[in-house]
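Trainee: Got a predicted structure plus its sequence, pasted below:
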Amino acid sequence: MAAPEFTKEIGESVKQHEAAYSLTTGKAFMLWYAMVGLGLDEDAALEAVSYDGGNDKGLDFFYVDDEHERILLAQGKFHARGVYKGNEGEFLKLIHTVDWLRNGQVR
């Protein structure tokens with residue numbers, strides 16, 4: 001499948017998830033990725049993208065993978081053209097979130 005076709009297919013899935021679950025584009029993309037890329041079932045994927053609010057540290061995805069003994073964190077960005085260039089602030093925010101979790105400051 002050519003890249004533009006693949007990007008269009010992802011975009012259609014993201015739009016369906018946005019409408020079906022009232023999600024932002026970033027969270028809808030992370031829902032798509034959780035199910036397609038990580039193989040999570042719909043319930044687990046929805047839980048993983050449900051973290052939101054004033055103290056969410058910008059996370060769009062938080063999943064505890066007991067089987068592989070890891071925690072997956074992500075901030076989802078999706079653009080219909082398939083092009084996105086993150087900025088340093090977004091990256092640093094994610095890195096500092098890992099520090100925040102490591103220090104046990106989660107309430």
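Mentor: Great, that's in hand. Numbers count the residues shown, from 1 in each chain.
Trainee: Nearest residue to the residue positioned nearest the centre of the chain in space, please, no chain neighbours.
Mentor: In the chain, the C-alpha nearest the mean C-alpha coordinate belongs to Met30, at 3.3 Å (CA atoms, centre = their mean). With sequence-adjacent residues excluded and distances taken as CB to CB, 6 or more residues apart in numbering, Met30 is closest to Gly76, at 3.8 Å. (Each C-beta comes from the backbone N, C-alpha and C, glycine too.)
Trainee: and the gap between that neighbour and Glu67?
Mentor: Taking CB to CB, to the nearest Å as the measure, Gly76 and Glu67 are separated by 22 Å.
Trainee: What ranges does the protein have for its helices?
Mentor: With DSSP state H, the ranges of helices along the chain come out as 3-21, 25-36, 42-48, 88-102.
Trainee: Quick check: which of these is nearest to Ala80?
Mentor: Nearest to Ala80 among these is helix 3-21; the distance by CB to CB comes to 4.9 Å.
Trainee: Tell me which of the helices of the chain sits most buried.
Mentor: Among those, judged by mean count of other CB atoms under 10 Å, the one packed with the most neighbours on average is helix 25-36 (a mean of 22).
Trainee: ok, residues contacting that helix?
Mentor: Where contact means CB atoms under 8 Å, 6 or more residues apart in numbering, the residues beyond helix 25-36 that reach it are 10, 13-15, 17-18, 21, 23, 40-42, 44-46, 48-49, 52, 60-61, 63, 74-78.
Trainee: how near is Ile10 to Val64?
Mentor: Here Ile10 is placed at a distance of 25 Å from Val64 (CB to CB).
Trainee: Okay then, goodbye and thanks.
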